[in-house]
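K.L.:
Coordinates only, no sequence provided:
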């Protein structure tokens, strides 16, 4: 049943918000300001037509910007990560999970038929989906997954 939900429910059923995005000619400072202003852990870098050109995640900021001599007026395209794969709103949630597991991606741009970015699917969105779809199973997990409870709670 769980696998069936992942293969049948489309990404559009998650109700993802529009992406936080900036132009490819923006600065590192503009990217950081967008992340702070919107409270997301990414900023999508788009070209003039709205197609995803790259992404700057918290990981990119920590690995490529923080503790380095990066000037905030430098171009964001020097520090963004390339986008390996995109999905469409019609693709199943399971396809996103496979991409995340296979490549270690934490964010996947969601694009329309013309290739314009319409959303970004994050690992956190998948976790929220799981918690909402299977609340009893998620809320009743032991503190340590390998831990087995010897006796059921209660009388």
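P.N.:
The structure has been received and is ready for your questions. This one's a predicted model, so the numbers in the text were calculated from it and none came from an experiment. Numbering: from 1, shown residues only.
K.L.:
buried sites along stretch 49-57?
P.N.:
50-57 (16 or more other Cβ atoms under 10 Å). Any C-beta I mention is one placed from the backbone N, CA and C, and that applies to glycine too.
K.L.:
As a markdown table, the residues you listed with distance to residue 31 would be great.
P.N.:
As requested, the buried residues of stretch 49-57 are arranged in a markdown table below (distance: Cβ to Cβ, whole Å):
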| residue | distance to residue 31 |
| --- | --- |
| 50 | 17 |
| 51 | 17 |
| 52 | 14 |
| 53 | 12 |
| 54 | 10 |
| 55 | 10 |
| 56 | 5 |
| 57 | 10 |
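K.L.:
Mind checking which of those residues land in strands?
P.N.:
52-57 (DSSP state E).
K.L.:
tell me, what residue is most central in this protein?
P.N.:
residue 122 (1.9 Å; Cα atoms, centre = their mean).
K.L.:
Is that one in contact with residue 55, as I believe?
P.N.:
No. Between residue 122 and residue 55 there is no contact, the gap being 10.7 Å when judged by Cβ atoms under 8 Å.
K.L.:
Touching both of the two, which residues are there?
P.N.:
Listed as contacting both residue 122 and residue 55 by Cβ atoms under 8 Å, 6 or more residues apart in numbering are 42, 107.
K.L.:
which residues does the residue nearest to the centre of the chain contact?
P.N.:
40-42, 106-107.
K.L.:
hang on, residue 42 packs against residue 54?
P.N.:
No. In this structure, residue 42 is not within contact of residue 54 by Cβ under 8 Å, at 10.7 Å.
K.L.:
Could you export the contacts of residue 122 as JSON lines, including distance to residue 30, neighbour count and pLDDT?
P.N.:
Shown next, in JSON lines, are those (distance: Cβ to Cβ, whole Å; neighbours: other Cβ atoms under 10 Å; pLDDT from 0 to 100):
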{"residue": "40", "distance to residue 30": "14", "neighbour count": "19", "pLDDT": "85"}
{"residue": "41", "distance to residue 30": "17", "neighbour count": "17", "pLDDT": "87"}
{"residue": "42", "distance to residue 30": "14", "neighbour count": "25", "pLDDT": "92"}
{"residue": "106", "distance to residue 30": "22", "neighbour count": "17", "pLDDT": "88"}
{"residue": "107", "distance to residue 30": "18", "neighbour count": "23", "pLDDT": "92"}
